[in-house]
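Undergrad: Quick one: sequence plus predicted model below, questions after.
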Amino acid sequence: MFKNELNVKRILSPQATYFLELDSSISKARGRSGGACSIFINYRRDDAAEPSRLIYDRLRQAGFDRDDLFRDVDGQIKLGDDFTQVLMEHILNKDALLIVIGPRWAEIMESRAGDRSDFVVIEIDAGLRHGMLVIPVLVGGARMPLGRTLTESIRPITNLQAASIRPDRFEDDCKTFIEELKRSLASDQARRDAEAQSKRAEEVRIIKERILARIDEAPKPPLPTPRSIA
């Protein structure tokens, strides 16, 4: 901080004053986790309702808190809630999006092509746009859908590494998947923390430069008049 901090704060706007305090907070934030990672589970009820429920249960057993998981039939949407708004709020506040893909997923997707009210597509599109960690999870013997069968906005999922949870090895595959998911979440969290710290550091640098420039431009007090010696 500057020695004449009070004078500096009189010159600056409240927003700039706030950034003065970021300088010390950045060093404190280094090495600190951004908090528990959270997950949004995307699925089709006519395709993978039961596998998605089992995956949710296994995630809870693996230590994820209920508040860190979202699956739209677990009482997290209350009576009278705006369904679309709640879904979007949860997506924008989650770190990862699991797309649970069952045997009928591609078939249903094709049958609903062009349907703007298809929430499965809306959720995936929002996750991709928001920069979430998006992971396709193949269940029930499903295969990754072909890109040409998908709406253009969600075709990028065909380039993503998918997890496979086989029906005859569900428990073992699910355990392996959750272990890999935790590693991916930790890596993604570290990347986002580093990006956030870098962004804050750059903001502080810019504000400091502006502060110094405005201090240099501020009127200087007149020099005292020399006393005459009698």
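TA: Alright, I've got the coordinates. Residues are numbered from 1 along each chain as shown.

Undergrad: Need the pLDDT of M1.
TA: On pLDDT, M1 comes in at 45.

Undergrad: And L212, by the same measure?
TA: Reported pLDDT for L212: 73.

Undergrad: and it, what helix or strand is that in?
TA: Element membership of L212, judged by DSSP states H and E, is helix 170-217.

Undergrad: Identify the spatial nearest neighbour of the residue positioned nearest the centre of the chain, chain neighbours not counted.
TA: Centroid-nearest residue in the chain: D95, 3.9 Å away (criterion: C-alpha atoms, centre = their mean). Nearest residue to D95, sequence neighbours excluded (C-beta to C-beta, 6 or more residues apart in numbering): C37, at 4.6 Å. C-beta: built from backbone N, CA, C; applies to glycine.

Undergrad: again with F119
TA: Here the residue nearest F119, using C-beta to C-beta, 6+ apart, is L87, at 6.6 Å.

Undergrad: What is the end-to-end distance of stretch 73-93?
TA: Counting by C-alpha to C-alpha, to the nearest Å, you get 18 Å between the two ends of stretch 73-93.

Undergrad: for the record, mean pLDDT for it?
TA: 78.

Undergrad: Show me which residues of it are buried.
TA: By 16 or more other C-beta atoms under 10 Å, the buried positions in stretch 73-93 come out as 77, 87, 90-91.

Undergrad: Tell me the secondary structure of the residue nearest to D95, please.
TA: coil (DSSP: H, G, I helix; E, B strand; the rest coil).

Undergrad: Identify the residues contacting G147.
TA: Contacts for G147 (C-beta atoms under 8 Å, 6 or more residues apart in numbering) come out as 155, 158.

Undergrad: Any idea how many residues pack against the residue nearest to D95?
TA: 19 (other C-beta atoms under 10 Å).

Undergrad: That one contacts D67, correct?
TA: No - between C37 and D67 there is no contact under C-beta atoms under 8 Å: 11.9 Å.

Undergrad: Specify the local secondary structure of L138.
TA: Quick answer, by three-state DSSP: L138 is strand.

Undergrad: Please report the number of neighbouring residues for it.
TA: 23.

Undergrad: what separates the residue nearest to the centre of the chain from D46, distance-wise?
TA: From D95 over to D46 the distance is 27 Å, taken as C-beta to C-beta, to the nearest Å.

Undergrad: confidence score at P221?
TA: Taking P221 on its own, its pLDDT is 68.

Undergrad: actually R205, sorry about that
TA: Looking at R205, the pLDDT reads 79.

Undergrad: gap between it and S187?
TA: Counting by C-beta to C-beta - R205 and S187 are separated by 27 Å.

Undergrad: does K94 sit in a helix, a strand or a coil?
TA: Applying three-state DSSP: K94 is coil.

Undergrad: can you tell me which residues contact it?
TA: Contacts of K94 (C-beta under 8 Å, 6+ apart): 38-40, 70, 132.

Undergrad: again, only using 6 Å
TA: When contacts are counted by C-beta atoms under 6 Å, 6 or more residues apart in numbering, K94 touches 38, 40.

Undergrad: All set, thanks.
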